[in-house]
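Trainee: One predicted model, sequence on top.
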Amino acid sequence: MEKNENIEMITGDPKKAINKLSLPIIASMFLIFANSIIDSIWVAGLGAEPLAALGYTTPLFMIIVGFGNGLGAGGNSVISRFIGAEDKSSANNAAIHNLILSAIVSIVISILFVITMEPMLELMGASSVINYAMDYGFIIFSCTFALLMPPIVGGAFRAEGDIKRATIPIAVAAIINMILDPILIYTFGMGIKGAAIATVLGPLISLCLMLYWIFFKKDTYLSYNFKDFHNDLKMYKDILVVGIPASLEQLVLSVLTIFVNYMLTIVSGPTSVAVYTAGWRIVNIGMLPAIGIGTAAISVAGVAYGAKKYENLRVTARYAVKVALIASIIVCIILYVFANQIAIIFSYSQSSADLAPLIASFLQIMCFFILYVPFGASAGNVFQGVGKGTISFVLTTFREFILVLIFAYLLGFTFNMGEFGIYCGMLLGGGIGSLICYACIELYINKLIRGRYNAV
């Protein structure tokens, strides 16, 4: 199979590949979440109710993002395994299937969300801010294709080691949103609708850039020539076998957020939801190193698995956890020490000034959640890389939706600890679940290695 510099990199030393792939991924993810934070900051200036509305729509928005990232992981996994097996023709065909699938899924999800948005928001407890939530949500969900397709196409770029083309459009989208937010929200007086428009315009431009590289410049390693396309239902199945479970993982996290919002609403009302919305976005930024390294591990693990180099698979899993844990410890310390200063960015207006001490307290508790992420994220992404998306989904569901939710409910309500109990329960459940996930990937890789030696 003809190789270029990127292919040589992802098929070589797993440690070097992870290092080279993860840094741009982390940077682009940082811009995405910074973009999300900036949305919250500008909307916070409108008052607590618009910020709470953003909190209620965020889980639905993250479902879309999750589908994009999940299907991107599915395409990444399938393509990288073909590259590892040195089957470029099948890799090209998988890339085209991946693109077609992204368009189909975008249309279906957009129609579904627009139709069901209002009853879903009401069910989530957003009735007190339903007008704000509808104004924001309708614009977002009408333009699902702009949000969903870039991460799916980016998954194909990551599979071939072309990390620049996988990350630059995402960075461009985030920067455009940051620029447009204050202009549309305040200069043009569009309020929360302006935040929504800015959110979809950036990804739309990034999608156009990706399609330009694929169909006009035509200098990607993978070929998207439809003359050589052979429709294969099994190819769609292989992408979905990883993509659907990976997408459902984000759905599980979004549903968990809905339940947490609901529990907090019962305990303290919309104010606690606003605090959780702002504070959790900061915590999400703290998770980026671990998530970025885990995302890089999908390509590296897929190539190692396709080439049947199972020792490289073990190196990938262990090195990803090691590097991510070091970075997470540093981030956790920074968030804990500077919690008060960070909280100020969400309370710069008179209408939101009272949120500052509440957000600071939240950060000093939930920053410890970041320490568990390297174990769960790395294990889940390695499972996705080798095509075992269902295992990753089951482990994520067990960790986030069962352990986290059960412990949050027990400490928050059964033991009557309120908001503090909900947060402590999330920490306890997340910690136990993440360690179980990592133990599972170690056992799986050991089984692969033993099976190969026994076959010899």
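Mentor: Thanks, I have the structure now. Residues are numbered from 1 along each chain as shown.
Trainee: If we go by neighbour counts, what in the host helix or strand of Ile334 is buried?
Mentor: Using DSSP states H and E, Ile334 maps to helix 310-337. Neighbour-count burial for helix 310-337 flags 310, 312-321, 323-325, 327-328, 331-332, 335 (criterion: 16 or more other Cβ atoms under 10 Å). The C-beta positions use only the backbone N, C-alpha and C, and glycine is treated the same way.
Trainee: Pull the residues that contact whichever helix or strand comes after it.
Mentor: The helix or strand immediately downstream of helix 310-337 is helix 339-344, counting by DSSP H and E. By Cβ atoms under 8 Å, 6 or more residues apart in numbering, the residues outside helix 339-344 that reach it are 278-279, 282, 335, 355-361, 363-364, 367.
Trainee: Can you give me the distance of the residue nearest to Ile7 when sequence neighbours are not counted to Tyr221?
Mentor: Spatial nearest neighbour of Ile7, excluding adjacent residues (Cβ to Cβ, 6 or more residues apart in numbering): Gly161 at 5.9 Å. When distance is defined by Cβ to Cβ, to the nearest Å, Gly161 is 8 Å away from Tyr221.
Trainee: Pull up the overlap in contacts between these two.
Mentor: Asn6, Ile7.
Trainee: Between these two, which is the more surrounded one?
Mentor: Gly161 (26 against 22; other Cβ atoms under 10 Å).
Trainee: Surely that one touches Lys16?
Mentor: No - in this structure, Gly161 is not within contact of Lys16 by Cβ atoms under 8 Å, at 11.4 Å.
Trainee: which residues do those two both contact?
Mentor: Met9.
Trainee: Enumerate every residue touching Val200.
Mentor: Ile139, Ile140, Cys143, Ala146, Leu147.
Trainee: again, but for Tyr236
Mentor: Taking Cβ under 8 Å, 6+ apart as the test, what Tyr236 contacts is His97, Leu101.
Trainee: element containing it?
Mentor: Going by DSSP H and E, Tyr236 is in helix 233-268.
Trainee: Could you look up the next helix or strand downstream of that helix?
Mentor: helix 270-286.
Trainee: Off-centre distance for that following helix?
Mentor: Relative to the centre of its chain, helix 270-286 is centred 16 Å away, using Cα atoms, centre = their mean, to the nearest Å.
Trainee: do the same with stretch 294-312
Mentor: The answer for stretch 294-312 is 20 Å, by Cα atoms, centre = their mean.
Trainee: Kindly report the same for stretch 35-51.
Mentor: 21 Å.
Trainee: First-to-last residue distance for stretch 367-374?
Mentor: Separation of the first and last residues of stretch 367-374 by Cα to Cα, to the nearest Å is 14 Å.
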